[in-house]
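1. sharing a model prediction with you, sequence too.
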Amino acid sequence: MKATPIKGRGSVSNRTSRFEQWQREPFDDEWAEAEPEATPKPATTVSLETARSIISRNDSPDIGFEQSINPYRGCEHGCIYCYARPTHAYLNHSPGLDFETRLYAKGNAADLLRKEFSKPSYVPKLIALGANTDPYQPIERRLGITASVLAVMEEFNHPVAITTKSASVTRDVEVLARLARKNLVRVFMSVGSLDRTIARTLEPRASTPGARIEAIRALSEAGIPSGVIVAPVIPALTDHDMEKILFSAKDAGAKSAAYVLLRLPLEIADLFREWLAAHHPLKEAHVMNLVRQMRNGKIYDSDYRTRMKGTGVFAQLLEQRFKRACLKAGLNQTRHLLDTTLFSRPPKEQPQLTLF
(Lines give C-alpha, C1' and ligand atoms only; values in the text may rest on other atoms or scores of the structure.)
Protein backbone atom coordinates (compact mmCIF):
# COMPACT_ATOMS: atom_id res chain seq x y z
CA MET A 1 0.00 0.00 0.00
CA LYS A 2 1.55 3.27 -1.13
CA ALA A 3 2.00 5.88 1.58
CA THR A 4 0.64 9.38 0.96
CA PRO A 5 2.96 12.36 1.57
CA ILE A 6 1.95 14.79 4.32
CA LYS A 7 2.53 18.44 3.51
CA GLY A 8 5.20 19.95 5.72
CA ARG A 9 6.45 16.59 6.99
CA GLY A 10 9.37 14.47 5.83
CA SER A 11 8.22 11.01 6.83
CA VAL A 12 5.21 9.56 5.07
CA SER A 13 4.51 7.02 7.82
CA ASN A 14 4.82 6.47 11.55
CA ARG A 15 6.57 3.11 11.59
CA THR A 16 6.54 1.36 14.94
CA SER A 17 9.64 1.49 17.11
CA ARG A 18 11.92 -1.52 16.71
CA PHE A 19 11.62 -2.14 20.45
CA GLU A 20 7.84 -2.59 20.35
CA GLN A 21 6.51 -6.14 20.66
CA TRP A 22 3.80 -5.56 18.06
CA GLN A 23 4.39 -4.01 14.65
CA ARG A 24 1.80 -2.22 12.51
CA GLU A 25 1.74 -2.32 8.73
CA PRO A 26 -0.80 -0.68 6.42
CA PHE A 27 -2.32 -2.88 3.72
CA ASP A 28 -4.94 -2.66 1.03
CA ASP A 29 -7.98 -4.78 1.97
CA GLU A 30 -9.48 -4.16 -1.51
CA TRP A 31 -12.63 -2.68 -0.02
CA ALA A 32 -13.72 0.32 -2.05
CA GLU A 33 -14.19 3.57 -0.17
CA ALA A 34 -16.97 5.99 -1.04
CA GLU A 35 -14.65 8.91 -0.39
CA PRO A 36 -10.93 8.65 0.38
CA GLU A 37 -10.06 9.85 3.85
CA ALA A 38 -7.92 12.95 4.08
CA THR A 39 -4.40 12.36 5.35
CA PRO A 40 -4.20 13.67 8.92
CA LYS A 41 -1.78 16.50 9.60
CA PRO A 42 -0.14 15.78 12.95
CA ALA A 43 0.58 18.78 15.14
CA THR A 44 3.94 19.40 16.79
CA THR A 45 4.04 18.86 20.55
CA VAL A 46 6.92 19.95 22.77
CA SER A 47 7.59 18.49 26.22
CA LEU A 48 10.02 20.14 28.62
CA GLU A 49 12.26 17.59 30.29
CA THR A 50 14.71 17.82 33.15
CA ALA A 51 17.91 16.30 31.81
CA ARG A 52 20.29 14.48 34.14
CA SER A 53 23.37 15.34 32.09
CA ILE A 54 24.01 17.62 29.14
CA ILE A 55 27.38 16.70 27.59
CA SER A 56 27.50 13.55 25.47
CA ARG A 57 30.88 11.96 24.85
CA ASN A 58 32.16 9.69 22.09
CA ASP A 59 35.42 8.09 21.05
CA SER A 60 34.62 7.36 17.39
CA PRO A 61 37.78 7.92 15.33
CA ASP A 62 35.81 9.24 12.33
CA ILE A 63 34.15 12.03 14.31
CA GLY A 64 36.15 15.19 14.86
CA PHE A 65 34.98 15.93 18.40
CA GLU A 66 34.74 14.11 21.71
CA GLN A 67 31.99 16.17 23.32
CA SER A 68 28.59 17.34 22.08
CA ILE A 69 25.39 18.96 23.31
CA ASN A 70 21.91 18.48 21.89
CA PRO A 71 19.39 20.90 23.45
CA TYR A 72 16.48 19.05 21.82
CA ARG A 73 15.39 15.47 21.20
CA GLY A 74 13.53 15.00 17.96
CA CYS A 75 13.66 17.62 15.23
CA GLU A 76 10.86 19.50 13.52
CA HIS A 77 12.92 20.05 10.39
CA GLY A 78 11.73 16.58 9.39
CA CYS A 79 14.74 15.62 7.26
CA ILE A 80 13.87 12.13 6.05
CA TYR A 81 17.52 11.03 6.02
CA CYS A 82 18.33 12.18 9.58
CA TYR A 83 20.58 9.63 11.31
CA ALA A 84 19.15 10.71 14.68
CA ARG A 85 15.69 9.31 13.87
CA PRO A 86 16.36 5.84 15.40
CA THR A 87 17.09 7.44 18.79
CA HIS A 88 13.39 8.21 19.17
CA ALA A 89 12.79 4.48 19.48
CA TYR A 90 14.40 4.65 22.95
CA LEU A 91 11.45 6.83 23.97
CA ASN A 92 8.96 4.27 22.60
CA HIS A 93 8.21 6.66 19.76
CA SER A 94 8.34 6.08 16.05
CA PRO A 95 11.44 7.25 14.17
CA GLY A 96 8.94 8.36 11.52
CA LEU A 97 6.40 11.11 12.14
CA ASP A 98 6.90 10.95 15.92
CA PHE A 99 10.51 12.07 15.51
CA GLU A 100 9.45 15.32 13.86
CA THR A 101 6.25 15.97 15.81
CA ARG A 102 6.89 14.75 19.38
CA LEU A 103 9.79 16.89 20.56
CA TYR A 104 11.59 17.16 23.90
CA ALA A 105 13.38 20.28 25.10
CA LYS A 106 16.06 20.19 27.79
CA GLY A 107 14.96 23.20 29.76
CA ASN A 108 17.78 22.92 32.30
CA ALA A 109 20.55 22.63 29.67
CA ALA A 110 22.30 25.90 30.60
CA ASP A 111 22.23 25.18 34.34
CA LEU A 112 23.65 21.69 33.82
CA LEU A 113 26.39 23.02 31.57
CA ARG A 114 27.37 25.71 34.08
CA LYS A 115 27.65 23.05 36.81
CA GLU A 116 29.75 20.82 34.54
CA PHE A 117 32.15 23.63 33.64
CA SER A 118 32.44 24.63 37.31
CA LYS A 119 33.79 21.25 38.37
CA PRO A 120 37.54 21.41 39.14
CA SER A 121 37.95 18.11 37.31
CA TYR A 122 36.50 19.40 34.02
CA VAL A 123 39.05 19.65 31.19
CA PRO A 124 38.00 21.98 28.35
CA LYS A 125 37.64 20.35 24.95
CA LEU A 126 35.75 21.44 21.87
CA ILE A 127 31.99 20.94 22.21
CA ALA A 128 29.88 20.31 19.11
CA LEU A 129 26.46 21.91 19.32
CA GLY A 130 23.87 20.10 17.21
CA ALA A 131 25.72 16.88 16.47
CA ASN A 132 22.49 14.87 16.60
CA THR A 133 19.47 17.16 16.24
CA ASP A 134 19.47 20.73 15.00
CA PRO A 135 20.01 23.34 17.76
CA TYR A 136 18.21 25.95 15.62
CA GLN A 137 15.07 24.02 14.71
CA PRO A 138 11.87 26.14 14.75
CA ILE A 139 11.09 25.75 18.48
CA GLU A 140 14.40 27.45 19.35
CA ARG A 141 12.83 30.77 18.36
CA ARG A 142 10.39 30.39 21.24
CA LEU A 143 12.42 28.49 23.84
CA GLY A 144 15.92 29.92 23.32
CA ILE A 145 17.70 26.94 24.90
CA THR A 146 20.55 27.05 22.39
CA ALA A 147 20.99 30.76 23.06
CA SER A 148 21.23 30.07 26.81
CA VAL A 149 23.87 27.40 26.17
CA LEU A 150 25.92 29.86 24.10
CA ALA A 151 25.69 32.37 26.96
CA VAL A 152 27.34 29.81 29.25
CA MET A 153 30.00 29.13 26.62
CA GLU A 154 30.80 32.85 26.58
CA GLU A 155 30.75 33.04 30.37
CA PHE A 156 33.48 30.38 30.62
CA ASN A 157 35.32 31.18 27.35
CA HIS A 158 34.67 27.67 26.09
CA PRO A 159 35.11 26.71 22.38
CA VAL A 160 32.04 25.53 20.47
CA ALA A 161 31.39 24.28 16.94
CA ILE A 162 27.85 24.62 15.58
CA THR A 163 26.24 22.59 12.81
CA THR A 164 22.83 23.60 11.54
CA LYS A 165 20.62 23.82 8.48
CA SER A 166 18.72 26.84 9.75
CA ALA A 167 19.23 30.49 8.89
CA SER A 168 17.96 31.22 12.42
CA VAL A 169 21.54 30.87 13.62
CA THR A 170 21.95 34.53 12.65
CA ARG A 171 19.65 35.47 15.55
CA ASP A 172 22.65 34.85 17.83
CA VAL A 173 25.13 36.70 15.62
CA GLU A 174 26.13 39.12 18.40
CA VAL A 175 27.23 36.49 20.90
CA LEU A 176 28.79 34.42 18.11
CA ALA A 177 30.78 37.45 16.95
CA ARG A 178 32.09 38.01 20.48
CA LEU A 179 33.12 34.35 20.71
CA ALA A 180 34.73 34.58 17.28
CA ARG A 181 36.92 37.49 18.35
CA LYS A 182 38.41 35.13 20.94
CA ASN A 183 38.68 32.24 18.45
CA LEU A 184 36.04 30.26 20.33
CA VAL A 185 33.46 29.42 17.65
CA ARG A 186 32.93 28.20 14.13
CA VAL A 187 29.66 27.49 12.31
CA PHE A 188 29.01 24.88 9.63
CA MET A 189 25.88 25.17 7.50
CA SER A 190 24.54 21.90 6.14
CA VAL A 191 23.35 22.16 2.52
CA GLY A 192 22.52 19.00 0.59
CA SER A 193 20.81 20.48 -2.46
CA LEU A 194 20.18 23.87 -4.04
CA ASP A 195 16.93 22.61 -5.58
CA ARG A 196 14.08 24.11 -3.55
CA THR A 197 11.61 21.58 -4.93
CA ILE A 198 13.65 18.64 -3.63
CA ALA A 199 14.49 20.41 -0.36
CA ARG A 200 10.81 21.14 0.29
CA THR A 201 10.06 17.41 0.68
CA LEU A 202 13.51 16.14 1.71
CA GLU A 203 13.86 18.53 4.68
CA PRO A 204 10.46 20.27 4.76
CA ARG A 205 10.81 22.61 7.75
CA ALA A 206 14.46 23.54 7.39
CA SER A 207 15.48 26.87 5.89
CA THR A 208 15.52 27.05 2.11
CA PRO A 209 18.91 26.38 0.48
CA GLY A 210 19.19 30.03 -0.56
CA ALA A 211 18.50 31.25 2.98
CA ARG A 212 21.25 28.98 4.31
CA ILE A 213 23.78 30.36 1.85
CA GLU A 214 22.79 33.91 2.85
CA ALA A 215 23.21 32.92 6.51
CA ILE A 216 26.80 31.94 5.72
CA ARG A 217 27.25 35.39 4.21
CA ALA A 218 25.82 37.13 7.28
CA LEU A 219 28.00 35.11 9.64
CA SER A 220 31.13 35.69 7.56
CA GLU A 221 30.50 39.43 7.37
CA ALA A 222 30.24 39.45 11.17
CA GLY A 223 33.69 37.85 11.41
CA ILE A 224 32.42 34.38 12.40
CA PRO A 225 34.41 31.52 10.81
CA SER A 226 31.94 29.64 8.64
CA GLY A 227 31.92 26.55 6.48
CA VAL A 228 29.57 24.32 4.52
CA ILE A 229 28.83 20.62 4.79
CA VAL A 230 27.40 19.07 1.63
CA ALA A 231 25.17 16.57 3.37
CA PRO A 232 23.78 14.19 2.68
CA VAL A 233 25.04 13.43 -0.81
CA ILE A 234 22.28 11.31 -2.34
CA PRO A 235 23.41 9.50 -5.50
CA ALA A 236 21.36 10.23 -8.64
CA LEU A 237 19.25 12.76 -6.73
CA THR A 238 21.36 15.53 -5.18
CA ASP A 239 25.00 14.64 -5.94
CA HIS A 240 25.00 16.82 -9.08
CA ASP A 241 24.72 19.89 -6.82
CA MET A 242 27.99 19.31 -4.97
CA GLU A 243 30.12 21.76 -6.94
CA LYS A 244 27.37 24.41 -7.06
CA ILE A 245 27.00 24.27 -3.27
CA LEU A 246 30.73 24.56 -2.67
CA PHE A 247 31.17 27.55 -4.99
CA SER A 248 28.04 29.28 -3.68
CA ALA A 249 29.23 28.84 -0.10
CA LYS A 250 32.69 30.14 -1.00
CA ASP A 251 31.18 33.21 -2.67
CA ALA A 252 29.21 33.80 0.56
CA GLY A 253 32.39 33.74 2.65
CA ALA A 254 32.82 30.10 3.69
CA LYS A 255 36.40 29.09 4.39
CA SER A 256 36.02 25.33 4.89
CA ALA A 257 33.94 22.47 3.59
CA ALA A 258 33.13 18.80 4.10
CA TYR A 259 30.68 16.28 2.74
CA VAL A 260 28.87 13.20 4.03
CA LEU A 261 27.37 10.41 1.98
CA LEU A 262 23.77 9.36 2.63
CA ARG A 263 23.58 7.03 5.65
CA LEU A 264 20.61 4.68 6.16
CA PRO A 265 21.03 2.81 9.46
CA LEU A 266 18.20 0.91 11.18
CA GLU A 267 14.69 2.32 10.54
CA ILE A 268 15.92 5.11 8.27
CA ALA A 269 16.34 2.70 5.37
CA ASP A 270 12.63 1.87 5.18
CA LEU A 271 11.59 5.47 5.86
CA PHE A 272 13.83 6.73 3.06
CA ARG A 273 12.56 4.13 0.60
CA GLU A 274 8.99 5.14 1.43
CA TRP A 275 9.93 8.76 0.78
CA LEU A 276 11.51 7.86 -2.56
CA ALA A 277 8.46 5.86 -3.62
CA ALA A 278 6.19 8.77 -2.72
CA HIS A 279 8.21 11.62 -4.24
CA HIS A 280 10.60 10.10 -6.82
CA PRO A 281 9.15 6.71 -7.82
CA LEU A 282 10.99 6.56 -11.14
CA LYS A 283 14.35 7.05 -9.42
CA GLU A 284 13.78 4.75 -6.45
CA ALA A 285 15.45 1.62 -7.86
CA HIS A 286 18.39 3.55 -9.34
CA VAL A 287 19.11 5.49 -6.14
CA MET A 288 18.96 2.38 -3.95
CA ASN A 289 21.18 0.40 -6.33
CA LEU A 290 23.83 3.12 -6.15
CA VAL A 291 23.52 3.18 -2.36
CA ARG A 292 24.26 -0.56 -2.28
CA GLN A 293 27.23 -0.10 -4.62
CA MET A 294 28.74 2.35 -2.12
CA ARG A 295 27.99 0.16 0.93
CA ASN A 296 29.58 -3.13 -0.10
CA GLY A 297 26.33 -4.47 -1.49
CA LYS A 298 24.30 -3.55 1.60
CA ILE A 299 21.91 -0.71 2.38
CA TYR A 300 24.23 0.41 5.18
CA ASP A 301 27.68 -0.49 6.43
CA SER A 302 28.53 0.82 9.91
CA ASP A 303 32.30 0.43 9.50
CA TYR A 304 33.64 3.70 10.93
CA ARG A 305 36.38 3.80 8.29
CA THR A 306 33.93 4.13 5.42
CA ARG A 307 30.49 5.05 6.79
CA MET A 308 30.85 8.77 6.06
CA LYS A 309 32.23 8.46 2.51
CA GLY A 310 31.33 4.97 1.26
CA THR A 311 33.34 2.62 -0.97
CA GLY A 312 33.50 1.70 -4.64
CA VAL A 313 33.80 3.58 -7.91
CA PHE A 314 30.95 6.06 -7.32
CA ALA A 315 32.25 6.93 -3.86
CA GLN A 316 35.75 7.48 -5.23
CA LEU A 317 34.33 9.73 -7.93
CA LEU A 318 32.52 11.83 -5.30
CA GLU A 319 35.71 12.22 -3.30
CA GLN A 320 37.66 13.33 -6.37
CA ARG A 321 34.95 15.81 -7.35
CA PHE A 322 34.89 17.24 -3.83
CA LYS A 323 38.66 17.67 -3.63
CA ARG A 324 38.90 19.27 -7.09
CA ALA A 325 36.04 21.67 -6.37
CA CYS A 326 37.52 22.70 -3.02
CA LEU A 327 40.91 23.28 -4.63
CA LYS A 328 39.37 25.39 -7.37
CA ALA A 329 37.20 27.36 -4.96
CA GLY A 330 40.00 27.90 -2.44
CA LEU A 331 38.28 26.04 0.39
CA ASN A 332 40.07 24.11 3.16
CA GLN A 333 43.32 25.95 2.56
CA THR A 334 43.99 26.15 6.29
CA ARG A 335 42.75 24.18 9.27
CA HIS A 336 40.98 26.34 11.81
CA LEU A 337 41.51 25.12 15.38
CA LEU A 338 39.61 26.76 18.22
CA ASP A 339 41.30 27.92 21.41
CA THR A 340 40.88 25.96 24.66
CA THR A 341 43.49 27.93 26.64
CA LEU A 342 41.13 30.83 27.44
CA PHE A 343 38.78 28.66 29.46
CA SER A 344 38.27 30.11 32.93
CA ARG A 345 35.77 29.73 35.75
CA PRO A 346 34.15 32.97 36.87
CA PRO A 347 34.75 33.75 40.55
CA LYS A 348 32.03 32.43 42.83
CA GLU A 349 29.75 34.95 44.43
CA GLN A 350 30.67 35.51 48.08
CA PRO A 351 27.92 35.84 50.72
CA GLN A 352 29.76 38.81 52.24
CA LEU A 353 32.31 41.39 51.14
CA THR A 354 36.02 40.70 51.55
CA LEU A 355 38.28 43.07 53.45
CA PHE A 356 40.54 43.76 50.46
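-> Thanks, I have it.
2. pretty sure residue 136 contacts residue 144?
-> No - under the contact definition of CB atoms under 8 Å, residue 136 does not touch residue 144, with a separation of 10.7 Å. In this view, the C-beta of every residue, glycine as well, is placed from N, C-alpha and C.
3. between the two, point out the one with more neighbours.
-> The neighbour comparison of residue 136 against residue 144 (other CB atoms under 10 Å) goes to residue 136, with 28 against 16.
4. dump the residue contacts of the residue nearest to the more buried one when sequence neighbours are not counted.
-> Spatial nearest neighbour of residue 136, excluding adjacent residues (CB to CB, 6 or more residues apart in numbering): residue 166 at 3.8 Å. Shown in contact with residue 166 (CB atoms under 8 Å, 6 or more residues apart in numbering): 77, 134, 136-137, 140, 206-207, 212, 215.
5. please redo it, this time with the cut-off set to 7 Å
-> 134, 136-137, 206-207 (CB atoms under 7 Å, 6 or more residues apart in numbering).
6. same question for residue 126.
-> 65, 67, 159, 161, 338.
7. swap the cut-off to 10 Å and go again
-> 64-68, 158-161, 184, 186, 337-340 (CB atoms under 10 Å, 6 or more residues apart in numbering).
8. any idea of the pLDDT on it?
-> If you check residue 126, the pLDDT there is 97.
9. next one: phi and psi at it?
-> Dihedral angles of residue 126 (phi, psi; degrees, to the nearest 10) stand at phi -50, psi 130.
10. okay, now residue 270: neighbour count?
-> 15.
11. and for residue 141?
-> Residues lying near residue 141 (other CB under 10 Å) number 12.
12. same check, this time on residue 15
-> 23.
13. just the pLDDT at it, thanks.
-> pLDDT, residue 15: 75.
14. what of residue 29?
-> For residue 29, the model assigns a pLDDT of 54.
15. now do residue 158
-> Looking at residue 158, its pLDDT stands at 98.
16. the one 5 residues further on now?
-> pLDDT, the model's per-residue confidence, is 98 for residue 163.
17. same deal with residue 6?
-> Looking at residue 6, the pLDDT reads 88.
18. what do you get for residue 56?
-> 95.
19. which parts of the chain are helices?
-> Along the chain, counting by DSSP state H, helices occupy 97-101, 109-118, 140-143, 145-156, 173-181, 196-202, 209-221, 242-251, 268-279, 284-293, 313-329.
20. contact partners for the nearest residue to residue 60 once chain neighbours are set aside?
-> Distances taken as CB to CB, 6+ apart put residue 304 closest to residue 60, at 5.8 Å, once the chain neighbours are dropped. Shown in contact with residue 304 (CB under 10 Å, 6+ apart): 60-63.
21. ok, now residue 222?
-> By CB under 10 Å, 6+ apart, the contact set of residue 222 is 170, 173-174, 176-177, 180, 253.
22. let's see it at 8 Å
-> Residues near residue 222 by CB under 8 Å, 6+ apart: 173, 176-177, 180.
23. out of those, give me the one that has the most neighbours.
-> Each of the contacts of residue 222 was scored for neighbours by other CB under 10 Å, and residue 176 scores highest at 27 neighbours.
24. correct me, but that one touches residue 224?
-> Yes - between residue 176 and residue 224 there is a contact at 5.0 Å, judged by CB under 8 Å.
25. for residue 291, state which of the contacts of residue 222 is nearest.
-> Distance to residue 291, by CB to CB, is smallest for residue 176 among those, at 36.1 Å.
26. great, nothing more from me.
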